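> okay, structure incoming, though there's no sequence with it:
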């Protein structure tokens, strides 16, 4: 496999996309240790052939690498590749404000720098696409390909618990009550929701209720008090205050505005 690389310098406008590819390429590593170093950005390394170890973190922990495997390297974390056989790899460097949100959602887990796959085809296709589009200098396509790669590379997450919790969200009960209903402890419920959404059960319940309220306001001719009760609030005044604080307008204004989150600007009459 011939080695090649490309390095990119996104413009200020391109950085507003939230996620920017800073470089990519392919290479082969021989069975030798690479120098220990810390990158100034994040990196993904797709090991398609070979085996060895990744030294990672301040404690210099050795993680087994056996292809096919994805290495996730966080910015500022010391690491070293230690192939024991010929190591065929593709790599990409990236950064941007979206990385913090991705980390919160579990996509850049510092505790899991090596991930293996029983079926690597979707990850391999996503990396191949990124390598192709990053040479076109099309920032939007490259950002989209990078988001897709990070999504495909994430460890599989079970969303069964979050789906069940969302189904129960409009039934008023405490977080402990929801956990009992799902046969979980409160801590198990919190961990399951955090692993999928990056937030808490309370936040998932709240956003689910507000989303349901928006549907009812947009599609049903029901009084606000009736909608409040349908989504789990016996106190219409409390529901109105909560809706206004989170959505940026009252339920009545949301219904009257055409269901947008921005005020409608009246056109000036032509002279």
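Looks like it came in fine. Computed from a predicted structure; not experimentally measured.

> how far away from the center of its chain is the host helix or strand of residue 146?
Per DSSP states H and E: residue 146 is located in helix 139-153. Remark: helix 139-153 is offset 11 Å from the chain centroid, using CA atoms, centre = their mean, to the nearest Å.

> what comes up buried for it?
Buried residues in helix 139-153, counting neighbours by 16 or more other CB atoms under 10 Å, are found at 139, 142-150, 152-153. C-beta here means a position set from N, CA and C on the backbone, and glycine is covered the same way.

> the strands in the protein, which residues?
4-7, 20-29, 37-38, 42-49, 51-56, 61-66, 69-73, 78-83, 87-95, 114-116 (DSSP state E).

> does anything pack onto the lowest-mean-pLDDT helix or strand in the chain? Which helices or strands?
Least confident element among the helices and strands of the chain, by mean pLDDT, DSSP states H and E: helix 186-197 (a mean of 85). Contacts defined by 3 or more CB pairs under 8 Å, 6 or more residues apart in numbering; DSSP states H and E place helix 186-197 against helix 160-168, helix 175-181, helix 201-219.

> buried stuff in it?
So, applying 16+ other CB under 10 Å, buried residues of helix 186-197: 189-190, 192-197.

> which other helices and strands does the helix holding residue 146 contact?
strand 20-29, strand 42-49, strand 87-95, helix 121-133.

> that older thread, could you dump the strands of the chain into a markdown table with distance to residue 176 and mean neighbour count added?
Below are those laid out as a markdown table (distance: least, CB to CB, whole Å; neighbours: other CB atoms under 10 Å):
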| stretch | distance to residue 176 | mean neighbour count |
| --- | --- | --- |
| strand 4-7 | 52 | 12 |
| strand 20-29 | 43 | 19 |
| strand 37-38 | 43 | 11 |
| strand 42-49 | 38 | 21 |
| strand 51-56 | 38 | 20 |
| strand 61-66 | 37 | 15 |
| strand 69-73 | 35 | 23 |
| strand 78-83 | 42 | 19 |
| strand 87-95 | 40 | 22 |
| strand 114-116 | 33 | 16 |
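
> and these: which comes nearest residue 247?
Nearest to residue 247 among these is strand 20-29 (31.1 Å), distances taken as CB to CB.

> sheet partners, orientation included, of the closest one?
Applying DSSP bridges to the sheet, strand 20-29 is found paired with strand 4-7 (antiparallel), strand 87-95 (antiparallel).

> tell me what angle the longest one forms with strand 69-73.
Think strand 87-95. Orientation check (axes from the mean of the first three to the mean of the last three CA atoms, to 10 degrees): strand 87-95 against strand 69-73 gives 40 degrees.

> in this structure, where is pLDDT below threshold?
1, 155-159, 258-271 (pLDDT under 70).

> nearest residue to the middle of it?
Geometric centre of the chain, nearest residue: residue 102, 4.0 Å, by CA atoms, centre = their mean.

> still on that earlier bit, from the buried residues of helix 186-197, which single one is nearest residue 214?
residue 197 (18.6 Å).

> just put the buried residues of helix 186-197 in JSON lines and tack on distance to residue 108.
Output for the buried residues of helix 186-197, formatted as JSON lines (distance: CB to CB, whole Å):
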{"residue": "189", "distance to residue 108": "24"}
{"residue": "190", "distance to residue 108": "21"}
{"residue": "192", "distance to residue 108": "20"}
{"residue": "193", "distance to residue 108": "19"}
{"residue": "194", "distance to residue 108": "15"}
{"residue": "195", "distance to residue 108": "14"}
{"residue": "196", "distance to residue 108": "15"}
{"residue": "197", "distance to residue 108": "16"}
